[in-house]
Every structure is written in C-alpha cells, then in structure tokens.
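[1] Below are the sequence and a predicted model; questions follow.
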Amino acid sequence: MSNIDTIRKKSVAEWKDLNQPEEPVIFLGMASCGKAAGADKVKKAIQEALKKHKIKARLIEVGCIGTCYLEPIVDIVAYGQPRISYGNVDEKRAEFIVRKHLVEKDLSKTHPLGHLGVESFNGIPHLFEHPMLKSQVRIVTKNCGLIDPGSINHYLANDGYSGFSKALKKRPEEVIEEISHAGLRGRGGAGFLTGRKWKTCHDTKSDVKYLVCNADEGDPGAFMNRLLIESDPHALLEGMLIAAYAIGATLGYIYIRAEYPLAILRLQNALKQVTDIGLLGKKILGSEFSFSIKIKEGAGAFVCGEETALIHSIEGKRGMPRTRPPFPAQKGLYQKPTVINNVETLGTVPHILRNGSEWYRQFGVEGNFGTKTFSLVGKIRRSGLIEVPLGTPLRKIIFDIGGGTQKPFKAVQTGGPSGGCIPLELLDTPVTYETLANIGSIMGSGGLIVLDDDTCVVDLARYFLDFIQQESCGKCTPCRVGTRHMVEMLETICHGEASPDILDKLESMAKLVQSTSLCGLGQTAPNSVLTTLKYFRPEYVKHVNEYYCPALVCSDLIEYSIVEENCTGCQRCVSVCPTGAITGPRSEPHNLDISKCIKCRACYDVCRFDAIAGNAIVITSGKE
Amino acid sequence: MNQLNSSFTETLNNHLVEEGSLIPLLQKAQEQDGYISPEKVAQISEYLKMTESQVYGVASFYSQFRFTPPGEHSISVCLGTACHVNGGETLLNTIGRDLDVRPGESTSDKKFDLKRVACLGCCALAPVVKIDDDIYSKVNVVKLKEIISNYE
Ligand SMILES: Cc1cc2nc3c(=O)[nH]c(=O)nc-3n(C[C@H](O)[C@H](O)[C@H](O)COP(=O)(O)O)c2cc1C
Ligand code: FES
C-alpha cells in the first residue's frame, strides 16, 4: 500500500469519527464572510459557554457553504444525531444554542437551518432543502463549508486527490481527451475550451512549460475564487497537478490578489501539506512527473487579470496586455508555452477525472456543459455564492434561489465591469456564454449584481466606466481616452448638465471604443453603457430632459426634506448631520436648511435604521 | 530605521536575483515600513541593477503601493460594485469628513489613513469597511461611528 493510500484510510476513519463523534463537534464557518459577520466573537462565545457548562467539545473551523447572508453559521454534531446547522448566530444566540443543544438537548426553540443526515430527522428539514441550496448542483463547491480547509485529511476523506491518481494512470493525451470530451470551458470569462488550450500547449515543443492559475479575481463585487480557495484549497491544487501533468509543466504559479490574505494563508498551508506527503515535488507518487507551485501576490491592478498582462506582472513588469497571437499556450511566461486557467476551471478538473467526462456532460446544456458558480449580491434577499448547471434561467437564480428583491426588481448586472445590465423582460434567458453575449452582456467570471428600484442605472454605468478608466493600462488610445470621454459624458448626465444630443454621442463613442480597443478590457468596457441605453433609455432621457433621477441616487438631481407630520423630533438626524443643516429641539419637528445640506444621506439612513419615525426624511427629484 | 534596513538587506540576500522578483521585494518593503520609502527604492534598484525610475515605474502601476507613511490605523472603504449599490460612497464621504482626511492620505495626527478599495470579497455582506485586519459588514453611518470610536 502506498503512503497516500495509508493516509487516505486514516483520513476516512477520522472523517467518519467526526460525523459520529463521542464528544460533540462544533463546526464554525470561518471564511472571510463569516469573519466579517463576527465569527471570531461567536467562537469566543461558544468557548465560554462550553466552559461554563463544563462540556467538552471539539471546535473545527470550516469555510463557507455559500449562504453568506446567514453568516455566522455554526454546525453541531452530538449524541448520535446528524450534523445540524444554525444561521445568523451572534454571541447571544451562540450561548443559547450551546445550552439548548448540548446541555438541555432540546432543539425545539433553536431554529436550525437544517440537518445534514441521511434520513429525515425530528421534523427538521435537510439543509439542502433550504430554498437557497435546493436548486443548486454542487460540484466544485461540494466540500465548501463542510470540511476543514486547513486539513488535507478532510479533503482526502472526501475523494481528494483520487482524480489526480486516476490521471497519473493515463497518458497526458488521454487526460486532455477526457477534459475535451467533457466540454469544459474556461470559467474566468472568455469560455475558451480548456481541453483545446491544454492540447495546444502540450503539442508545442519546449524544454520548459508553465501552468498559471489566475486567482486575481478582479471583478469588484464577486468572490467565487476567494470562497473556493478559502473553503477548499486542495481542490485547486489537485486541478493544477492534473493540468500540469497533462501539458507537461514542471512549475506552476498561483497569481492571487493581495486583498485575499486568508485565501493566501490557506494556500500556503495546503502547499506545505501536499509537499510533505509527496504529492508535490520530484517524481510524484513514484512516477516520472515532477511539479512545484509558487504563489505570486498581485499588487492591485484589474487589468492584470487579463492573461498577457498577468504574465508581464509575474515577470516583474508593469501589467500591460499585449496583442494575441501568439497565445500564451504557445508563447507565454518567459516566452515559454504556458497554460493560464481560472481557479474554478482548475477546481472542476478533478471531478471530471474522478467521475468521467460522460458524467460531467449530464449537467448543463449542449455546448455549455457542467456547472458555474455565481456570486449573487446587490439588492437581493438571499445573497451569497451559488452553483447551478449552465442553462439555468436567470429568473430561477434570482427569484427561486436568491428570493428576489425587497423593492421591485429592476435589472441584473452580469460579468463585472465588462458586463451589461439585463432587464426584467429578459429574465427567462438561460445562462450560457452565448445567450448572455447575445443580449449584450457577458458571463464573465460569475458576478451577478441584482438591482432594484433604488439603483440608478445611469449612476451604475458611470461607476463602471469610471472604474475601467482608472484601471486602463493606458497603452491604447480608444481605451485610455475614449473611456475618459464616456465618463465625462455620464457625469454631465448625472449632474443634470447634459445637452439633449448627449445620448447619441455617448452611444457612438461607446461603439468606437468597443470596436477599436486593443484588449478585452477596452473592448468590453462600453457594455454597461450600451445595455443600459438599450434597455433603460427612458431613465437616461429623464435625467437629461427633466433633471429627474427616478431612483433618487444622483445627488445633483435630488433634494432632502423633512415631512413635519412624520417627524417625532428624536434628534438622531441632528446628531449625525455633519454640516449642522438639521436643527430643532427634542420632540419637535426638525428643520432642514437645504443651503447647508451636502446630500450625504447620513440623516436619511439614520432616520430609516435608527430613529423612531423611520420615514420623516424624504428625498425628491426635480421634475420641473 | 537602521534596524529595518539591515533586516531588509537580509531579505534581499535571501532573495535570489531572478526575473520577477521586483514586485515581491516591493511588497516586502511595504510590509516592513507600511509604504515604499525612497531608501528602499534605492536599495532595491541597486540590488536588482535597475534604475530608480524603473523601480518607480513598476511600483506606481500597481495600486497596492503607497509612497507616503500610513497612519496608525488603516481604514479601507470598499467601493466594489456590491458596496457601491449599497451605499459605500456615503461611508467614504462620512469618514473623510469626520476625520478630515482624503482617500489616499493620513489624518494630520497620523492616527488614521483612508483608502478606497475595489472589493474585499465580502460582497454578500455589503457595504464593507476594513480597519487594519478586521472587516466590518453591513455597515451604515451609525454603526460606522461606533466602529471608528473603538480605534480613537
Ligand atoms: C480586463 C480583463 C480582466 C480579466 N480578469 C480575469 C480575472 O480576474 N480572473 C480570471 O480568471 N480571468 C480574467 N480574465 C480572463 C483571462 O484573460 C483568461 O482568459 C483566463 O484567466 C483564462 O482562464 P480560463 O480559460 O480558465 O477561463 C480577464 C480578462 C480581461 C480582458
Ligand atoms: S464589493 Fe465590497 S466587498 Fe465586494
């Protein structure tokens, strides 16, 4: 029996013991989202409660299952019962749950999210019956939130590295054929066939070849790669081992953004573990295959997510893209053949090797096989990370899985700064690379930002263009200058200073930048403008002709006032107003001096969230 | 300063001169001093046999690098898309006004520096503010004042 088989056997026993433990086991969701929601404090509260009640229990840190809006999440396994999951656990609730679940053994008032057992349990639904999880198909996120990302044993116990073991028994060409037949397409945005990319690199003769994992995740508002690495780092490493074996690479890089310190930590730890058991290094598992991996931290430039810019950045240069061909698979890092793949692409690869390409093709639709993860955020009720088969209609994602919006739904923005806005009428569009492109947007890496009536699409287009303009590397004129002109035009619209012909000018500039830019950044930059002009033109027209912002967002077009009869005089707004524009004694309706008002929204927010009245401060937009 | 420099020399010595080591060295320098000091640029340029302007040329391309000393506490306000549509801008303006500091700069007493960042990866809990190593989620103006007062 080889070393790895021995460890796997031990791991399986350890995992089984964890799920049917003698002493209670408590799993804590400790990915970045959990921590941001207060998981560290919850952990402390649990430790204190355990001490107080003199209970011995094991605490295990896990990643995130994707229902981020329910963070902090805590699971408990005890007394021969299945693993039971709790959401929105703050310090008080933590103490309560420990007492009820572990001391009084009474689950009746604990409101669990669900259990993870095999049979039905005490009227508590299965966790995967939860509306956000029910329609998902979890392949790449299979382990997320369930295993300890710091433990290679947990990964091994759940079939980990068995895909790589299978790959090693095949010839590299057969591995590539398996990936090709699966129809796997790149999850970083462009949707290029992974098998074809690998084949090009494999067939290019060279003494040295590289594999690069793109974990730059530049889309501001998306976190698929972060969650995957923080929750299951070995899935990425296994995918990289398989890819490297297939293309014949001896050195791999993971280019990861510096804003993800926890993900970097998880990777460093995982790399050490695989090196220790001989899955990384020279002559891996007794084969002729040698491979090692280095981590490169990005330094904060959106364009470095583009593959040729990324290569320049790893080489220590300014991250400027270059024209292709030659493609990196022929001439990439240090001029050597290089495969660049996204985290999710590589994280999917082990599953295809484990279960076969035929199995993978049962998910998704012709030409778009498999699943895709999306980060579902914005004005959505159930926000988080989801995984669904390609071809799932947007409506199902937003309403069935995400629970819809609080205010009326307005649009969904897909694909990050390079994507577009999709209106209600098009929500039955199934999500595939082609269908999204056909309606003017893109798949991108999986960002889905849901907008409601409180979001101004003109402001959003300005936001994206401004983002791209700042991130433009400056190499080509259409992108450098064209996007700046577009930002300026959008600003005049938001400020109510635009001339009536501005929308035509904006549109023609957008088309020019789209058709003449050098790289994907500039070519896709106008998508947000073009789609909002196409689907939401009346909203632009209202800004231009009536100085009216229907969403009440554009600060130059709105005014704040106090509705006297609604104001209880609680003075909360007086205390937050930074310019002293609001005055008035306690218990009497307050006054707002609009000449001093800087429209910072502080009073509006405080009135809604923190004051007695809740609706005394109103925002109006000039229709004259 | 001298000690820092000598430990940085050690870093340099442990770092093989290889292609691609400029950015990691800049990151190391910033990790030690909190910013890219002229002294470190001089050391790096000498070590990698590049001109100082070449070093600055690369460093200034990346938004991670700062060229002025940071404050005692670093506040980052996320202005990624999810945070933008959930009011991140208001938070940035509020902090700027309350602490009298502009993004990219430090307060006059050097207590805080303020930065705008594009996404901290906690978009599902937007809007998000990070102070030093702690991320705060679903922040509003009231919560924000409370959070900051814990650092004052
Ligand atoms: C401006 C721009 C930014 C990009 N950012 C990313 C990114 O953050 N992550 C990513 O995986 N791909 C990004 N890409 C796509 C990459 O160039 C490349 O296609 C991808 O990493 C290939 O991996 P895949 O085939 O597995 O998708 C970006 C492309 C452009 C044009
Ligand atoms: S958009 Fe703010 S954390 Fe992602």
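    Received, thanks. Ligands and ions are numbered 1, 2, ... in the order given.
[2] Might you report the residue contacts of the nearest residue to residue B:29 once chain neighbours are set aside?
    Once flanking residues are discounted, residue B:29 sits nearest to residue B:40: 4.0 Å by CB to CB, 6 or more residues apart in numbering or on different chains. Any C-beta I mention is one placed from the backbone N, CA and C, and that applies to glycine too. By CB atoms under 8 Å, 6 or more residues apart in numbering or on different chains, the contact list for residue B:40 reads B:8, B:29, B:32, B:33.
[3] Enumerate every residue touching whatever residue of the stretch 1-150 of chain A ends up closest to chain B.
    Nearest residue of the stretch 1-150 of chain A to chain B: residue A:68, at 3.4 Å (CB to the nearest CB). Counting by CB under 8 Å, 6+ apart, residue A:68 touches A:33, A:37, A:383, A:384, A:385, B:122, B:124, B:125.
[4] State the number of residues packed around the second one.
    Here the count is done by other CB atoms under 10 Å in any protein chain shown, and residue A:37 has 27 residues near it.
[5] In terms of pLDDT, where does it sit?
    Looking at residue A:37, its pLDDT is 96.
[6] Can you give me the distance of the nearest residue to it once chain neighbours are set aside to ligand 2?
    Spatial nearest neighbour of residue A:37, chain neighbours left out: residue A:71 (3.8 Å); criterion: CB to CB, 6+ apart. Using CB to the nearest ligand atom, to the nearest Å, we find residue A:71 at a distance of 13 Å from ligand 2.
[7] cool, and residue A:6?
    Applying CB to the nearest ligand atom, the value for residue A:6 to ligand 2 is 42 Å.
[8] And that residue, which helix or strand is it part of?
    helix A:3-19 (DSSP states H and E).
[9] Run through the neighbouring helices and strands of that helix.
    In terms of contacts (3 or more CB pairs under 8 Å, 6 or more residues apart in numbering or on different chains; DSSP states H and E), helix A:3-19 is packed against helix A:152-157.
[10] Output the contacting helices and strands for the helix it packs on.
    Right, helix A:152-157 is packed against helix A:3-19, helix A:233-247, helix A:261-276 by 3+ CB pairs under 8 Å, 6+ apart.
[11] possible to save these as TSV with mean pLDDT and mean neighbour count?
    Converted to TSV, the helices and strands packed on helix A:152-157 look like this (pLDDT from 0 to 100; neighbours: other CB atoms under 10 Å in any protein chain shown):
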stretch	mean pLDDT	mean neighbour count
helix A:3-19	93	15
helix A:233-247	98	28
helix A:261-276	97	18
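[12] who wins for proximity to ligand 1 among these?
    helix A:233-247 (9.8 Å; CB to the nearest ligand atom).
[13] so does that closest one get close to ligand 1?
    No. Using CB under 6 Å from any ligand atom, helix A:233-247 never reaches ligand 1; the gap is at least 9.8 Å.
[14] Backbone torsions only: list them for residue 62.
    You didn't pick a chain, so chain A it is. When read as degrees, to the nearest 10, the backbone of residue A:62 gives phi -120, psi 180.
[15] Let me rephrase: I mean chain B.
    The phi/psi pair for residue B:62 (degrees, to the nearest 10) reads phi -100, psi 130.
[16] contacting residues around the residue lying closest to residue A:256 once chain neighbours are set aside?
    Distances taken as CB to CB, 6+ apart put residue A:215 closest to residue A:256, at 4.0 Å, once the chain neighbours are dropped. Taking CB under 8 Å, 6+ apart as the criterion, residue A:215 is in contact with A:225, A:229, A:236, A:254, A:255, A:256, A:257, A:260, A:263, A:342, A:343.
[17] List the buried residues for the host helix or strand of the residue nearest to residue B:29?
    Using DSSP H and E, residue B:40 sits within helix B:38-48. For helix B:38-48, the neighbour count (16 or more other CB atoms under 10 Å in any protein chain shown) marks B:40, B:41, B:43, B:44, B:45, B:47, B:48 as buried.
[18] isn't residue A:182 right up against residue A:363?
    No. Under the criterion of CB atoms under 8 Å, residue A:182 is not in contact with residue A:363, lying 10.0 Å apart.
[19] which residues do those two both contact?
    In contact with both residue A:182 and residue A:363: A:369, A:370, using CB under 8 Å, 6+ apart.
[20] When the two are compared, which one has more neighbours?
    residue A:182 (26 against 18).
[21] The residue in chain B positioned nearest to ligand 2: what's it in contact with?
    Closest residue of chain B to ligand 2, CB to the nearest ligand atom: residue B:80 (2.4 Å). By CB under 8 Å, 6+ apart, the contact list for residue B:80 reads A:220, A:221, B:88, B:117, B:118, B:119, B:120, B:123, B:126.
[22] quick one, phi psi at residue A:494?
    phi -60, psi -30.
[23] Tell me which residues touch the most centrally placed residue in chain A, please.
    Centroid check for chain A by CA atoms, centre = their mean gives residue A:223 as the closest residue, at 2.3 Å. For residue A:223, the contact set (CB under 8 Å, 6+ apart) comprises A:33, A:217, A:375, A:385, B:119, B:121, B:122, B:123, B:124.
[24] Please flag which of these sit within strands.
    Residues of the contacts of residue A:223 located in strands (DSSP state E): A:375, A:385.
[25] out of the contacts of residue A:223, which one sits closest to ligand 1?
    For those, the residue nearest ligand 1 by CB to the nearest ligand atom is residue A:217; the value is 5.0 Å.
[26] The closest one against residue A:226, yeah?
    Yes. Using CB under 8 Å, residue A:217 is in contact with residue A:226, at 6.3 Å.
[27] any idea how chain A splits into domains?
    For chain A, the structural domains run A:3-130, A:152-360, A:365-452, A:457-545, A:555-616, going by automatic domain parsing.
[28] As JSON lines, those with distance to residue B:94 would be great.
    Shown next, in JSON lines, are the domains of chain A (distance: least, CB to CB, whole Å):
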{"stretch": "domain A:3-130", "distance to residue B:94": "19"}
{"stretch": "domain A:152-360", "distance to residue B:94": "20"}
{"stretch": "domain A:365-452", "distance to residue B:94": "21"}
{"stretch": "domain A:457-545", "distance to residue B:94": "19"}
{"stretch": "domain A:555-616", "distance to residue B:94": "6"}
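[29] Can you name the element that comes right after the helix holding residue B:40?
    Next in sequence after helix B:38-48, counting helices and strands by DSSP H and E, comes helix B:52-59.
[30] and that next one, is it in reach of chain A?
    Yes. Shown here: helix B:52-59 in contact with chain A (CB under 8 Å from any CB of the partner chain) through B:57, B:58.
[31] So which residues of chain B form strands?
    Secondary structure of chain B (DSSP E): strands located at B:73-78, B:112-117, B:129-131, B:134-136.
[32] and those, which is most packed in?
    By mean neighbour count, with neighbours taken as mean count of other CB atoms under 10 Å in any protein chain shown, strand B:73-78 ranks first of the strands of chain B at a mean of 23.
[33] For that strand, name the packing helices and strands.
    helix B:88-99, strand B:112-117, strand B:129-131.
[34] Now that we have these, can you turn them into a markdown table and tack on mean pLDDT and distance to ligand 1?
    Output for these, formatted as a markdown table (pLDDT from 0 to 100; distance: least, CB to the nearest ligand atom, whole Å):
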| stretch | mean pLDDT | distance to ligand 1 |
| --- | --- | --- |
| helix B:88-99 | 90 | 20 |
| strand B:112-117 | 93 | 15 |
| strand B:129-131 | 96 | 20 |
